[in-house]
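[1] got a sequence here, can you model it:
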Amino acid sequence: MAETVSHKVVIIGAGTAGVAVAAHLKKMDESLDVAILEPRDAHYYQPGWTLVGAGEMKPKATWRPMDKVIPQGVDWIHDGAAAFDPDHNSLTTTSGKQIRYEYLVVAAGIEIAWDAIPGLEDALQKNIGVVSIYDYDLAPLVWEAIKNFSGGTAIFTQPKPPFKCPGAAQKITYLADDAWRKRNVRGKTKQLFFSAAPGIFPVKRYAKTLNEVLKRKAIETHYQHHLVAVDGDKKEATFEHVGTGETQTHAFDFLHVTPPMRPPAFLKGSPLGDEAGWMDVDPHTLRHTKFDNIYGLGDCTNTPNSKTAAAARSQTYVVVSNLLTDIGGGKGIAAYDGYASCPLITGYGKLVLAEFDYNLQPKETFPIDQSKERRSMYWFKKYFLPWYYWNVLLKGGDTQMWPLG
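    Numbering: from 1, shown residues only. Model (predicted):
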């Protein structure tokens, strides 16, 4: 007979959102019975991987052992989710264990679909100039490829949404340009940026600056095109036009891929997922649309915000407030406004700090014009935010929001 355990609050996922919620719940009520379901042994600070790929941060600075990150007093169930029975407040783990809960928080993150682009996985393994910052082991190889690049055609891609850290694809594009200029190989390089989006950024205030950056750096842009195949042997990348379906193939010497992404497999087809498999929540209260004792936040939900660590941070306040109100016998009405942040690195020592809401209206933290490239914001991103992430956010010690993307 399968083992059965029960907890007051069960959190699925020990990424940014899951750990932050657990830490804040315990900070507010030390006696609260909280458990986290997480199969992985390591926790990653993924916003740092862009800097790893640019040679500005060591890989080891972007991870911690999971047992050092799980908040004190929270029960870590070292297992994964497999199936849900929300009508009976229970779920089944991958090992067959039954877990009962009074309240469930799903913060399961997003799944990278490396296999969705034919030839990509094979090309990434061959050390032929095909790279990606979207993995702990792969990110250092991006810097090696940038350092060793001697000129030719360099292509950078951005897929159809949703995908996490929507600014990352262009950040590494700008940083590579800077690195190649410093080594005097940019003049021998044709640099292209292919994006499935209709423009460089959805918020006009920041798009204006970014378009100026693209012009200054002479980066050739191709919008509404997404990568559909990679031929590592021929060193060719095939793109499809989002609107017409027409394809075009380009030879490359360097290819940085932002891979397509999808909801966690265990959510697809479950009672908690929408038709596409994303956690189905109210976009403001983050409560499940059908089950009042279930919440979702972070990258796994169908909320129409940019999927960033800053968004998860903002959502943490809402989920913790509403959940504690529910536990106390009320009905939480705290509302998330879609806040997200993209610290858009435009080169070494330069950053545009984009912050905005569901309506794509700026919602800025600092009393300065954040649409301008600033060195101070680069240092903020490189030094302060990692410290804040490990020492404050994941420990439930913050009292105000910072732009963490």
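[2] where's the residue lying closest to Gly119 once chain neighbours are set aside, which helix or strand?
    Excluding the flanking residues, the one nearest Gly119 by C-beta to C-beta, 6 or more residues apart in numbering is Val230, at 4.0 Å. Yep, even glycine has a C-beta here, placed from its N, CA and C like the rest. Assessed by DSSP states H and E, Val230 sits inside strand 225-231.
[3] and for Thr221?
    Using DSSP H and E, Thr221 falls within strand 220-223.
[4] show residues contacting that strand.
    Applying C-beta atoms under 8 Å, 6 or more residues apart in numbering, the external contacts of strand 220-223 come out as 190-200, 214, 239.
[5] biggest helix in the chain by residues?
    helix 309-327 (DSSP state H).
[6] what helices and strands are in contact with the following helix or strand past it?
    Per DSSP H and E, the first helix or strand lying C-terminal to helix 309-327 is strand 340-347. Secondary-structure packing of strand 340-347 (3 or more C-beta pairs under 8 Å, 6 or more residues apart in numbering; DSSP states H and E): helix 168-182, helix 204-217, helix 309-327, strand 350-356.
[7] which among the ones you listed is found nearest to His256?
    Counting by C-beta to C-beta, His256 lies closest to helix 168-182 out of the helices and strands packed on strand 340-347; the figure is 5.8 Å.
[8] from the contact counts, what lies against the helix or strand following the closest one?
    Per DSSP H and E, the first helix or strand lying C-terminal to helix 168-182 is strand 189-195. If contacts are counted by 3+ C-beta pairs under 8 Å, 6+ apart, strand 189-195 sits against strand 152-158, helix 168-182, strand 220-223, strand 225-231.
[9] state whether Ile146 is indeed within a helix.
    Yes: under DSSP: H, G, I helix; E, B strand; the rest coil, Ile146 falls within a helix.
[10] got the contact list for it?
    53-55, 175-176, 179-180, 254 are the contacts of Ile146 under C-beta under 8 Å, 6+ apart.
[11] quick check: phi and psi at the residue nearest to Gln224 when sequence neighbours are not counted.
    Closest residue to Gln224 apart from its sequence neighbours, by C-beta to C-beta, 6+ apart: Val242 at 4.3 Å. Per-residue torsions, Val242: phi -60, psi -40 (degrees, to the nearest 10).
[12] which intervals of the stretch 1-150 of the chain have sub-threshold pLDDT?
    Low-confidence segments of the stretch 1-150 of the chain, defined by pLDDT under 70, are located at 1-2.
[13] do a quick rundown of the strands in it.
    4-12, 34-37, 42-44, 63-65, 75-77, 81-85, 90-93, 98-106, 111-112, 130-131 (DSSP state E, counting those that start in this stretch).
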